[in-house]
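[1] just the structure for this:
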Amino acid sequence: MEKEINLIDPIKIEKSSIEDLSSMYFSIEEQSHLLKGMILLEIRKRLNSDIEFGNFRFKNFLNLTNAQASTLMNLARFFKNHSMKGIGISVGYIISAPQNSEYAEELYEYLIKEEKVTIKKCKDRLKQLKPNKKPISKQNKEKINSEKIKQKKENFERRLIKEEKNRQRYQYLKILGIQEPMKKIESDSLKGLCKYLLQKHHPDKGGNSERFIQIKQACEGLK
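    Numbering: from 1, shown residues only. Sure thing, here's the model as predicted:
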């Protein structure tokens, strides 16, 4: 059953000026984001793992994505002990973002002293606080892109080689009569099986020469 929470007395709304109603509107918007984040933090605290929390969120908050939940929770973590007065929800999200955690306190202290806080002021100050990074030249960009492409190609080739080896191993184990070729097999057990099959199908002992060659190749390929 949903529990209804009355945040503002309707009579107070009727008696408020337009200016007060405007301020009230934005204040409630900020509070709603903070409350949602605090609720999610409390739910997470009561569950055993992120996986359990994710399953709960998916079941109960169908339209809330993982990214949205994380953003709300980050906001609640920071502003649990900080006032949002004059900050605004958009700037609040920038301050509380994990990638800005190292500069969050200093950024907040700077902004609350400003007469009017804007996203531009927030981002400009954040740039000043973060270490300066040298711009990447066109030549270096091309080099980086080239290295990335090379790395992707190498990774792709390694994956193909691995898949081919797995495919060959699969075929070799099937030749030896193993019904679960993907199951881990001890080296000593494999050697014992190869020795037994090679003796059993050896042409000198009446075995089929073609079958013997297949088994021999499979055993050598599995070494």
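
[2] all contacts plus neighbour counts: C-alpha atoms, from now on.
    Fine.

[3] elements contacting the helix or strand in which Glu19 is found?
    Assigned by DSSP states H and E, Glu19 falls within helix 18-46. Other helices and strands packing on helix 18-46, by 3 or more C-alpha pairs under 8 Å, 6 or more residues apart in numbering; DSSP states H and E, are helix 50-60, helix 66-79, helix 89-96.

[4] out of those helices, nearest to Ser23?
    Nearest of these to Ser23, taken as C-alpha to C-alpha: helix 89-96 at 13.3 Å.

[5] state the mean pLDDT of the closest one.
    For helix 89-96, the mean per-residue pLDDT is 94.

[6] now do stretch 111-126
    The predicted model gives stretch 111-126 an average pLDDT of 93.

[7] which residues are in contact with that stretch?
    86-88, 90-91, 94, 103, 107 (C-alpha atoms under 8 Å, 6 or more residues apart in numbering).

[8] can I get stretch 67-86 as PDB, trimmed to CA atoms?
    The C-alpha trace of stretch 67-86 is given here as PDB (Å, rounded to 0.1, in the frame of the first residue of the first chain):
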ATOM      1  CA  ALA A  67      22.300   5.500 -13.800                       C
ATOM      2  CA  GLN A  68      19.300   7.500 -12.500                       C
ATOM      3  CA  ALA A  69      19.400   5.700  -9.100                       C
ATOM      4  CA  SER A  70      23.100   6.300  -8.700                       C
ATOM      5  CA  THR A  71      22.700  10.000  -9.500                       C
ATOM      6  CA  LEU A  72      20.000  10.400  -6.900                       C
ATOM      7  CA  MET A  73      22.000   8.500  -4.300                       C
ATOM      8  CA  ASN A  74      25.100  10.500  -4.900                       C
ATOM      9  CA  LEU A  75      23.100  13.700  -4.500                       C
ATOM     10  CA  ALA A  76      21.600  12.500  -1.200                       C
ATOM     11  CA  ARG A  77      25.000  11.400   0.100                       C
ATOM     12  CA  PHE A  78      26.600  14.800  -0.400                       C
ATOM     13  CA  PHE A  79      23.700  17.000   0.500                       C
ATOM     14  CA  LYS A  80      22.700  15.000   3.600                       C
ATOM     15  CA  ASN A  81      25.200  17.300   5.500                       C
ATOM     16  CA  HIS A  82      25.100  20.300   3.100                       C
ATOM     17  CA  SER A  83      22.300  22.800   2.400                       C
ATOM     18  CA  MET A  84      21.000  23.100  -1.100                       C
ATOM     19  CA  LYS A  85      19.700  26.600  -0.500                       C
ATOM     20  CA  GLY A  86      20.700  28.700  -3.600                       C
END
